[in-house]
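Q: I would like the atomic coordinates for the input below:
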Amino acid sequence: TIICATLLSLAAAEYGVEEDHHEHHQPGFSYAKFSGPVSGPAHEVHIADKHGHGHTIDYVAKPDYQFEYGVEDPKSKVSQNRKEHRHEDELHGEYTVQQPDGKLRVVKYTANKHSGFHAEVLIDGKPLHEEELAKLAHEAQEQAARAHEHHHEEPASYGGHEEQTYEGGEASYGGEEGGEEYYH
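A: Below is the predicted model of the structure:
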């Protein structure tokens, strides 16, 4: 898939499009790949319904899969990829994303039931130290807090006759004479 996308990019660059004085952007592309069914040893459970017919289902399946995808869009400068594979209780994966400052962040992770989740973060191929990881986490928390504060700003008033109250999970809107109260 990547080879095909590369060949298409080269062909587009070599043969181009005639000048028509309109702005043109390189097309973005993405790919996705998945392989493997959920598989594992058969664990059958017999279920009898009210008509006396029995059904058998696979109760516990061991996950066994692999997938990958990527998005490259030069116009919006989006560049991200992810791949992951799992065999029974072992999970391995990695994702890359181009940060707004142009640096490439790579996160490689593993997880299993014995040692839990572990991740290694690399920025432009260099591992981050604890202080740098703490700084990134702090910046992410500040960004989330700003988004949360923005979400709870007072709504704009358009000079209507609405009265907003909050009483035990219901919002009441009313105020015009003869009008009905609406709750939701």
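Q: burial measure for residue 129, as a count.
A: The criterion is other Cβ atoms under 10 Å. On that basis, residue 129 has 9 neighbouring residues. Where you see a C-beta, it was placed from the backbone N, CA and C, and this is true even at glycine.
Q: now swap in the one 5 residues further on and tell me
A: For residue 134, the neighbour count with other Cβ under 10 Å is 11.
Q: can you classify it by secondary structure?
A: helix (DSSP: H, G, I helix; E, B strand; the rest coil).
Q: wasn't residue 100 part of a strand?
A: No: according to three-state DSSP, the state of residue 100 is coil, so it is not within a strand.
Q: just the element for residue 85, please.
A: Residue 85 is part of strand 78-87, with elements assigned from DSSP states H and E.
Q: packing partners for that strand?
A: Applying 3 or more Cβ pairs under 8 Å, 6 or more residues apart in numbering; DSSP states H and E, one finds that strand 78-87 makes contact with strand 64-73, strand 90-98.
Q: make it 10 Å
A: In terms of contact count using 3 or more Cβ pairs under 10 Å, 6 or more residues apart in numbering; DSSP states H and E, strand 78-87 is assigned the packing partners strand 29-35, strand 64-73, strand 90-98, strand 104-112.
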